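> Sequence and predicted structure are below.
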Amino acid sequence: MPLDAICLAAVRSELSGRITGHKIDKVQQPEKDIVILSLRGGEGPCRLLISAGTGDRRVHLTRQKFDNPASPPMFCMLLRKHLTGARIVGVAQPQAERILELELDAPDAMGVISKKRLIIELIGRLSNILLVDGDGLIIDCLRRVGGDLTEKRAVLPGLLYRRPPAQEGKLDPLAVSAGEWQAAFDANRGGKKADEWLLSAFSALSPLICREISWRAYFDADIRLDGIPDGGAALRKEFFGLIECVEAQRFEPWSLVDTDGPRDFSYTRIKQYEGALDVRREESFSDMLEGFYTKASQLARAMQRAAATRKTVKTARDRLIRKLAAQRAELEITARRDFSRECGDIIMANLHSIKKGQITLRAQDFFSEDGATRDIALDPLKTPQQNAAKYYKEFSKAKTAEKFLSEQIKLGEGELEYLESVLGEISLAEGERDLGEISRELVQTGYIKMHKQGKEKQPESAPMRFESSTGMLIYAGRNNAQNDRLTLKTAPKSDVWLHTQKIHGAHVIISCGGEEPDEATLQEAAVIAAYYSAARGSGKVPVDYTPVRLVKRQPGGRPGMVVYTGQKTIIVIPDEALVARLVTGNGQPETLHSAL
């Protein structure tokens, strides 16, 4: 369900008790539509996420990490100028509106406190974030709307802020009386479904809540108004029962979950699905919205940003597959090179019988087991000796070609394996940093041309860091280049190396200081290796492990390609919850050099 006005009221109530009195320490804008406020205060630091995206508009506390762009957008710079050090003194919401207002005491450059408001409008395609001064004038906004684009409202710096116009023809569910409700119901007795009437007649109600009211009243979410037997009495009772809970602020965060993850959410328990979906009560509204939106939207944005890189790699892979097919066909032809040598030998054995201008030699094939004859094509412009020499030359060329093609096919197969591993990295990338490192790796390997603005050397990110249940540190590479550094340069030779068997994935290192890792650590490290591999969505996954000293770079191989010996194998099931529980330092640990 979208974040409707009543659900936003529940979020406002929760945030008001959590962030009021906090100061804004940092402002980030990692995405075009997302602003992150880092707060510090009474109950400890926290981070407020504000999204004005069309499909994921919301506001809540977040634990997710976002990668900042190389240079902050202008709106972010303006917010930093005006909001850094500002104190949140209140969180307000106009009744039945999808608008949240952070009331701020903000110091200027001279330390003088002034009143400001950060207004968050979560209204479909008109969603916006606006900074307004104490006089109600717009300082700036995320989306500027000129007077020529809308007849109802202009949103520009310097203009007086006006709220979006209310929905016409809809009643406020928090202000409607029982008589007004009944009059509206009686005026619409027709074939329309009850939930459709509620949605069209009242503001601030989502389709999910309208269906829930209908289901609670008649145990039928699809009942039609002309089929209601009691004149709407039960529907009216459930409607005002819900409004009573809202007015008393008896909100509860509930998620509706299926096997693919969260499907919907609400501020009251949803009963209409009768076991078809798992109904789960969350710890807070922020946790509920985080689970529903943040991870999915991060993955969607990462996949969108990765589209161009993926296309480049797929194009190179497909071209290489076609090249390998052609080379294998050529190699198959060279396998028949002995035929040319045999033709040369037969010609030499029959020089006396070949006449000038002859185009075909039919002679006994002494290479045949049954002594059959063989027809051999001749060039009439050449002497018999020259014809024999031509066939010997074809044999020699085919023999040389076989050696060359075998070498090229072997190199091509290694290159294909590398490109497949890069495609696996892209599918597992979890942010801008991961994708940036993959792009730099492709620049270094020659698949992407370096742009002028990309010539600055970027700092190397650290591998993902985990701590096993028994206290051992575990590291995992994020991409091929980092796998290379982790395994071949930074990990001590006495540590344990893990990798999925014949499946592209991360190199995983157990930092055990030369000791034998315990069974729990080995099992957990193998789960990490399986999770950060192309087999993430599989069932049982084989994971090889061996001492780091037995892992060597593959001769002539691309980054991340190794050979190893002395391995043992453990079978595990990828477990996201376990991986999330073991991660430390938000997956951004200190460099391995300092950690080991």
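Good, I have the coordinates. Residues are numbered from 1 along each chain as shown.
> all helices of the stretch 451-596 of the chain, in order?
Taking DSSP state H, counting those that start in this stretch as the test, the helices found in the stretch 451-596 of the chain are 480-485, 519-531, 576-582, 592-595.
> go on, the stretch 201-350 of the chain?
Under DSSP H, counting those that start in this stretch, the stretch 201-350 of the chain gives helices at 207-218, 233-247, 285-289, 295-334, 337-349.
> which of those helices is buried the deepest?
Greatest average neighbour count among the helices of the stretch 201-350 of the chain goes to helix 285-289 (a mean of 24), per mean count of other C-beta atoms under 10 Å. For the C-beta atoms, the positions are set from N, CA and C on the backbone; glycine is no exception.
> Can I get that one as CSV, trimmed to CA atoms?
Taking Å, rounded to 0.1, in the frame of the first residue of the first chain, the C-alpha atoms of helix 285-289 are listed here in CSV:
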residue,chain,number,x,y,z
PHE,A,285,7.2,1.8,11.7
SER,A,286,10.7,2.6,10.6
ASP,A,287,11.6,-1.1,10.6
MET,A,288,8.4,-1.8,8.7
LEU,A,289,9.1,0.8,6.0
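> if we can go back for a sec, where among the helices of the stretch 201-350 of the chain is the average confidence lowest?
Ranked by mean pLDDT, those end with helix 295-334 at the bottom, a mean of 79.
> mind checking how far it is from the chain centre?
19 Å (C-alpha atoms, centre = their mean, to the nearest Å).
> Show me what it is packed up against.
Contacts defined by 3 or more C-beta pairs under 8 Å, 6 or more residues apart in numbering; DSSP states H and E place helix 295-334 against helix 384-428, helix 432-444.
> Between the ones you listed, which one is closest to residue 232.
helix 384-428 (51.9 Å; C-beta to C-beta).
> and that closest one, what does it pack onto?
Going by 3+ C-beta pairs under 8 Å, 6+ apart, helix 384-428 lies up against helix 295-334, helix 337-349, helix 432-444, helix 480-485.
> Dump these to JSON lines, plus distance to residue 425.
Below are those laid out as JSON lines (distance: least, C-beta to C-beta, whole Å):
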{"stretch": "helix 295-334", "distance to residue 425": "9"}
{"stretch": "helix 337-349", "distance to residue 425": "41"}
{"stretch": "helix 432-444", "distance to residue 425": "5"}
{"stretch": "helix 480-485", "distance to residue 425": "7"}
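> sorry, back to before: out of the helices of the stretch 201-350 of the chain, flag the one nearest residue 558.
Among those, helix 295-334 sits nearest to residue 558 (C-beta to C-beta), with 12.1 Å.
> domains of this protein?
5-141, 178-287, 312-429+436-458, 464-595 (automatic domain parsing).
> now these as JSON lines including distance to residue 152?
Listed next are the domains of the chain as JSON lines, based on distance: least, C-beta to C-beta, whole Å:
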{"stretch": "domain 5-141", "distance to residue 152": "10"}
{"stretch": "domain 178-287", "distance to residue 152": "17"}
{"stretch": "domain 312-429+436-458", "distance to residue 152": "41"}
{"stretch": "domain 464-595", "distance to residue 152": "44"}
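> Contacts only, for residue 191.
The contact partners of residue 191, taken as C-beta atoms under 8 Å, 6 or more residues apart in numbering, are 224-226.
> swap that for residue 288, please
253-255, 265, 282.
> that older thread, okay, the helices of the stretch 451-596 of the chain in a markdown table with mean pLDDT next?
Formatted as a markdown table, those follow (pLDDT from 0 to 100):
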| stretch | mean pLDDT |
| --- | --- |
| helix 480-485 | 87 |
| helix 519-531 | 94 |
| helix 576-582 | 90 |
| helix 592-595 | 33 |
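> List just the one of these that sits closest to residue 24.
Taking the helices of the stretch 451-596 of the chain one by one with C-beta to C-beta, helix 576-582 is closest: 28.4 Å.
> Now do the strands in the stretch 151-300 of the chain.
254-258, 261-266, 278-281 (DSSP state E, counting those that start in this stretch).
> what's the least confident stretch among those strands?
Minimum mean pLDDT among the strands of the stretch 151-300 of the chain: strand 261-266, a mean of 84.
> That one packs against which elements?
By 3+ C-beta pairs under 8 Å, 6+ apart, strand 261-266 packs against helix 207-218, strand 254-258.
> Make JSON lines from these and add distance to residue 357 to it.
Compiled in JSON lines, those are given as follows (distance: least, C-beta to C-beta, whole Å):
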{"stretch": "helix 207-218", "distance to residue 357": "91"}
{"stretch": "strand 254-258", "distance to residue 357": "83"}
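> Out of the ones you listed, the one nearest residue 78 is which?
That would be strand 254-258 among the helices and strands packed on strand 261-266, by C-beta to C-beta, at 35.5 Å.
> Could I get the buried residue list for that closest one?
254-257 (16 or more other C-beta atoms under 10 Å).
> And stretch 354-369, by the same measure?
Those buried within stretch 354-369 under the rule 16+ other C-beta under 10 Å are 354, 361, 363, 365.
> Considering those, which is situated nearest to residue 383?
residue 354 (8.7 Å).
> hang on, the earlier thing: out of the strands of the stretch 151-300 of the chain, which is closest to residue 501?
Here strand 261-266 is closest among those (C-beta to C-beta), at 28.4 Å.
> Kindly check the end-to-end length of stretch 525-536 for me.
Terminal residues of stretch 525-536 lie 14 Å apart, using C-alpha to C-alpha, to the nearest Å.
> same thing with stretch 132-152?
Start to finish, the residues bounding stretch 132-152 are 19 Å apart (C-alpha to C-alpha).
> and it, which residues are buried?
Buried-residue list, stretch 132-152, by 16+ other C-beta under 10 Å: 132, 138-145.
> Can you name the residues in contact with that stretch?
Here stretch 132-152 has contacts from 33, 35, 52, 75, 78, 82, 114-119, 127-131, 153-161, 164-165, using C-beta under 8 Å, 6+ apart.
> please redo it, this time with the cut-off set to 6 Å
52, 75, 78, 114-117, 119, 128-131, 154-157, 159-161, 165 (C-beta atoms under 6 Å, 6 or more residues apart in numbering).
> Can you turn the buried part of these into a ChimeraX selection?
In ChimeraX syntax, the buried subset of the contacts of stretch 132-152 is picked out as below (16+ other C-beta under 10 Å):
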select :52,75,78,116,117,119,128,129,130,131,154,155,159,161
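> So which of the helices and strands packed on helix 384-428 is nearest residue 56?
It's helix 295-334; of the helices and strands packed on helix 384-428, that one is closest to residue 56 (C-beta to C-beta) at 4.7 Å.
> any idea of the angle the closest one forms with helix 384-428?
Interaxial angle, helix 295-334 versus helix 384-428 (axes from the mean of the first three to the mean of the last three C-alpha atoms, to 10 degrees): 170 degrees.
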